[in-house]
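1. this is a predicted model, with the sequence first.
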Amino acid sequence: MSVAPPSQQQARIPFYRDTRIIAVLLQIIFLFVVVGFIWFLYSNMMAGLRRSNLLPNYSFLSQPAGFPISESPIPYDPGRTYGYAFIIGVLNTLRVSVIGVVLATILGVIIGISRLSSNWLLRSVATGYVELVRNIPLLLQLFFWMIMSQAFPRIQDSINLGGLLYLHNRGVTLTWMREGSSFGAWLIWIGIGGLAGVILYIARRIQFVRRDRPGVALPWALLLAAGVALVGFIILRISSGTWPLALDIPELQRFSFQGGITITTNFAALIMGLVIYTAVYIGEIVRSGIQAVNKGQREAARALGLTPGQTLRLVIFPQALRIMIPPMTSQYLNLTKNSSLAVAIGFPDLFSVAGTTLNQTGQTVPVMLIVMLSYLSVSLVTSLLMNWYNKRIQLVER
Amino acid sequence: MTTESAHARPTNPAMVIWDWLRQNLFNTWYNSIISVLIVALLFQLLSTFLGWLLTTQGWVAVLKNLRLLFVGRYPADQVWRIELVVAMIALLVGLSGGVWKGIVRNLATGFGLILSVLGLLAFTFPNDGLNPFITPPIFLLGSAALVALGVWGGSRLAEAARIPLLISWVLLYPIAILIIRGGVGLPIVETNLWGGLLLTMILSSSGIILSFPLGVLLALGRRSNLPIIKGFCVAYIELIRGVPLVTVLFMAQLMLPLFLPDQVRIDSVLRAMVAVTLFSAAYLAENVRGGLQSLPRGQTEAARALGLNPVQTTLLITLPQALRAVIPVLVGQFISLFKDTSLVVIVGLIDLLGIARTIYSQAEWKDFTGGVWRETLLVVALIYWIFSFTMSRTSKKIEEKMSVGYR
């Protein structure tokens, strides 16, 4: 086989057939088209905004907002600025997301395990729940919970659940903790306990390394910390005469509640809807994660004499967790993003505050930018955290 | 994790039941407690629910607003156009069921059955006297008959009809939109009159159909070696996936008119369509990318070795296999898209969910004890549920069939 020397053959390729040049040319054309298109949209927008005298301007952020916000974790009044209102929106979104994620994970794990139960009834109920909730839009479910919670009786005729929990048409009032006068002193005790726990933990770890034998460190450290805190709790009760932290049981006055905390209907409905909806997906992740663990692992664990509980806790779950983390991350992000549906049921989350701001100022571009950037950064931070956790628990292979 | 009995099964039927109960409900002490609790809870829930379901008078609100629920404020004298589209779909579904058998046949049968049941139910509906020519029962039963006819015809034609059928399915969407919106010869029905199930269907089918090519392009772009194209696709996908659909819908409602030149007017249904399409494309791209990544490298290398150029390799070798592998995932995404179209309520469109809200807020029902929201939401939820459940079951079947084919 006589082949022309490579140098000669390459020299004969005309430039318009050289893949390297084609690639560069293609990208340049692509870039021109995209930039040109964006420029076209941008210039249209600026022209339109100039005509209606609404050029993007961020100064409104420091002007008084003038609208009320029905609930807020930090003090707010309509005299505060738009920027401050945005911060409250972000805080409310975060509050819903964090509480929602925690509750949805708990419910989801319960559902996931129920789906695998050997109890036929439990398994069927869990399956029915999943099939029912998964196939109905979240917004419809939110509407349902919203109307449902408003259909509760007036505050005077609240539904009383054991004297600890009251349901009424303005929300849910439940028993909470109240700080006593010695609460500050107790915090010091907790600090000491925590420190002791950390020291014990480190000491145990050093010991394990020296003996070259693994052992249990964290449970003992936690036990020590809790013990110190408990001792402090009792000592403070004796010395000061009041509990550092007491149950705050709500009492029905004429038209309101004394004590306890009241969760508004909007918040309760939003959390209810989000948790019930997201838990289905988390349950499916948990179920498939557990099922994905090799059957031999379970059999080997049983053969080694581990109890079913130990098998689940020490063998199945750590391995299932690895499979579950990435899809779980996207469900947590979904919950955060879905919390923007709050706008439909009147809870003042980021999106709802932004909507009001937009109506009042007409500053479409800055408001949309702020909203998108906020959601993007929340998404980014969550995925970074979960990726870090994912890396930590990944199997380290040779 | 069901435990099968190792010992010989008793033959006495009472013993069989007892055995089953003991193994499945009372095998351990905690399972016994759980079983008893669930039975009590289920009894409580079901008796309350059924008691309400059978005694409530609120159904009249739904029955009186059936037309609103299905087609929104679409002019009554033009409703025959929608009926025509449904009839076309029925015929096509029937023909496909006849030609392809298996899952498609089951779908066609289910569709026909639902149409027949609705048709029989429709005899009891109050007639609003607006369309005297084709009454709902005749239309629904007629469509069911078309499905049956299609199945019969399809099984006669068999193989020969495959290509023409595929082409008809592709043409269905533009033709249906043309008939519904009007234009050539037909009076135009403005999109602001579209509503109810009609709007939900149009939004979701548009989202599915239009986002498909865009999503595939984005997925290919993200896999590309060219840094600028890849960077653009990554940025687009991550940006869209990082924000909620509501923001994209809002963006489309507020910014799209700004972005376009003055003379171009775009109505709010079209804006919602654009938003849903752009949003869905980003998710679809990630799914397709998953399929592309799952292909063994040898496929591309073999194709290149055979002398196919990159475009041919993608179109003939990798893409078909990747798409086939991700069909179940895509169906799952279409289900969520279908459910997500309900968010257009937030930007003021009146889709199926919006109509539900309209119905239960009507002044007529103010005196109704407890309102009619439960009945209305239940009916609407049922409609959503039937569609999503059918899709998810179908996807599961396809998955099972595919995994059998691979092994």
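-> That came through fine.
2. can we go C-alpha only for contacts and neighbour counts from here?
-> Will do.
3. does the closest residue to chain B within the stretch 201-350 of chain A lie in a helix or a strand, and which?
-> Among the residues of the stretch 201-350 of chain A, A:Lys337 lies nearest to chain B; the distance is 4.8 Å by Cα to the nearest Cα. Using DSSP states H and E, A:Lys337 sits within helix A:317-338.
4. packing partners for that helix?
-> Using 3 or more Cα pairs under 8 Å, 6 or more residues apart in numbering or on different chains; DSSP states H and E as the contact test, the elements touching helix A:317-338 are helix A:82-114, helix A:265-292, helix A:364-393.
5. what about the last one, average pLDDT?
-> Helix A:364-393 carries an average pLDDT of 86.
6. rewinding a little: name the nearest residue to the residue of the stretch 201-350 of chain A closest to chain B, sequence neighbours excluded.
-> Computed as Cα to Cα, 6 or more residues apart in numbering or on different chains, the closest residue to A:Lys337 that is not its neighbour in sequence is B:Pro244, at 4.8 Å.
7. how deep is the residue of the stretch 201-350 of chain A closest to chain B tucked in, by neighbour count?
-> 23 (other Cα atoms under 10 Å in any protein chain shown).
8. still on that earlier bit, and the helix holding A:Lys337, which residues are buried?
-> A:317-326, A:328-329, A:331-338 (16 or more other Cα atoms under 10 Å in any protein chain shown).
9. ok, then the element right after that helix?
-> helix A:342-345.
10. can I get that next one in PDB? Just the C-alpha atoms.
-> The C-alpha trace of helix A:342-345 is given here as PDB (Å, rounded to 0.1, in the frame of the first residue of the first chain):
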ATOM      1  CA  ALA A 342     -46.900  31.200  47.400                       C
ATOM      2  CA  VAL A 343     -47.900  34.200  45.300                       C
ATOM      3  CA  ALA A 344     -51.100  32.300  44.400                       C
ATOM      4  CA  ILE A 345     -52.200  31.900  47.900                       C
END
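11. run through the neighbouring helices and strands of the helix or strand following it.
-> The helix or strand immediately downstream of helix A:342-345 is helix A:350-361, counting by DSSP H and E. Helix A:350-361 sits against helix A:82-114, helix A:342-345, helix A:364-393, with contacts defined as 3+ Cα pairs under 8 Å, 6+ apart.
12. including distance to chain B and mean neighbour count, could these go into JSON lines?
-> Shown next, in JSON lines, are those (distance: least, Cα to the nearest Cα, whole Å; neighbours: other Cα atoms under 10 Å in any protein chain shown):
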{"stretch": "helix A:82-114", "distance to chain B": "11", "mean neighbour count": "21"}
{"stretch": "helix A:342-345", "distance to chain B": "6", "mean neighbour count": "20"}
{"stretch": "helix A:364-393", "distance to chain B": "5", "mean neighbour count": "17"}
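13. looking at these, which is nearest to A:Leu140?
-> helix A:342-345 (10.3 Å; Cα to Cα).
14. who are the packing partners of the helix or strand that contains A:Ile28?
-> Using DSSP H and E, A:Ile28 maps to helix A:19-51. With contacts taken as 3+ Cα pairs under 8 Å, 6+ apart, helix A:19-51 sits against helix B:227-242, helix B:245-259.
15. how about the shortest one as CSV, C-alpha atoms only?
-> It stands for helix B:245-259. What follows is helix B:245-259, C-alpha atoms only, in CSV (Å, rounded to 0.1, in the frame of the first residue of the first chain):
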residue,chain,number,x,y,z
LEU,B,245,-41.4,28.4,36.1
VAL,B,246,-43.4,31.2,37.6
THR,B,247,-40.6,33.7,37.0
VAL,B,248,-40.2,32.5,33.4
LEU,B,249,-43.9,32.9,32.8
PHE,B,250,-43.8,36.4,34.3
MET,B,251,-40.7,37.2,32.3
ALA,B,252,-42.6,36.2,29.1
GLN,B,253,-45.7,38.1,30.1
LEU,B,254,-43.8,41.3,30.9
MET,B,255,-40.6,41.3,28.9
LEU,B,256,-41.6,39.6,25.7
PRO,B,257,-43.7,42.5,24.5
LEU,B,258,-40.7,44.8,25.4
PHE,B,259,-38.2,42.7,23.5
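16. so after it, what's the next helix or strand?
-> Defined by DSSP H and E, the subsequent element after helix B:245-259 is helix B:268-294.
17. got the residues of the stretch 151-300 of chain B near chain A?
-> B:226, B:228-229, B:239, B:242-247, B:251, B:254-255, B:258-262 (Cα under 8 Å from any Cα of the partner chain).
18. tell me which element the residue in the stretch 51-200 of chain B positioned nearest to chain A falls in.
-> Using Cα to the nearest Cα, the single residue of the stretch 51-200 of chain B nearest to chain A is B:Thr200, 11.9 Å away. Per DSSP H and E, B:Thr200 falls inside helix B:196-223.
19. where in chain B is pLDDT low?
-> B:1-10, B:126-134, B:404-407 (pLDDT under 70).
20. hey, which of the helices and strands packed on helix A:19-51 is tucked in deepest?
-> Ranked by mean neighbour count, the helices and strands packed on helix A:19-51 are led by helix B:245-259 with a mean of 21 (mean count of other Cα atoms under 10 Å in any protein chain shown).
21. and that helix, what does it pack against?
-> helix A:19-51, helix A:364-393, helix B:268-294.
22. what packs against the helix or strand following the shortest one?
-> What that stands for is helix B:268-294. Next helix or strand after helix B:268-294 toward the C-terminus (DSSP H and E): helix B:297-305. On a contact count with 3+ Cα pairs under 8 Å, 6+ apart, helix B:297-305 meets no helix or strand.
23. circling back: count of residues packed around the residue nearest to A:Lys337?
-> 23.
24. do A:Gly171 as well
-> Residues near A:Gly171, counting by other Cα under 10 Å: 22.
25. any idea how far it lies from A:Arg95?
-> 17 Å (Cα to Cα, to the nearest Å).
26. got it, and B:Leu141?
-> Taken as Cα to Cα, the span from B:Leu141 to A:Arg95 is 52 Å.
27. what's the spacing between A:Asn273 and A:Phe67?
-> Let me fix one detail, which is that residue A:273 is Gly and not Asn. A:Gly273 is 27 Å from A:Phe67, by Cα to Cα.
28. the more surrounded of these two?
-> Set side by side, A:Gly273 and A:Phe67 show more neighbours around A:Gly273, with 24 against 17, by other Cα under 10 Å.
29. leaving out chain neighbours, which residue sits closest to that one?
-> In space, A:Gly273 is closest to A:Leu142, 5.2 Å off (Cα to Cα, 6+ apart).
30. contacting residues for the one you found?
-> A:269-270, A:272-274, A:345 (Cα atoms under 8 Å, 6 or more residues apart in numbering or on different chains).
31. domains for chain A, by residue range?
-> For chain A, automatic domain parsing gives the domain ranges A:10-51, A:88-149+A:274-393, A:183-240.
32. nearest to A:Gln156, out of those?
-> domain A:88-149+A:274-393 (15.5 Å).
33. that older thread, now the helix holding B:Thr200: how far from the chain's centre is it?
-> Relative to the centre of its chain, helix B:196-223 is centred 12 Å away, using Cα atoms, centre = their mean, to the nearest Å.
34. report the angle between it and helix B:268-294.
-> 40 degrees (axes from the mean of the first three to the mean of the last three Cα atoms, to 10 degrees).
35. which other helices and strands does helix B:196-223 contact?
-> Against helix B:196-223 (3+ Cα pairs under 8 Å, 6+ apart) you get helix B:66-71, helix B:227-242, helix B:268-294, helix B:327-340, helix B:352-360.
36. redo the ones you listed as JSON lines? Include distance to B:Leu42.
-> Formatted as JSON lines, those follow (distance: least, Cα to Cα, whole Å):
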{"stretch": "helix B:66-71", "distance to B:Leu42": "32"}
{"stretch": "helix B:227-242", "distance to B:Leu42": "39"}
{"stretch": "helix B:268-294", "distance to B:Leu42": "38"}
{"stretch": "helix B:327-340", "distance to B:Leu42": "28"}
{"stretch": "helix B:352-360", "distance to B:Leu42": "28"}
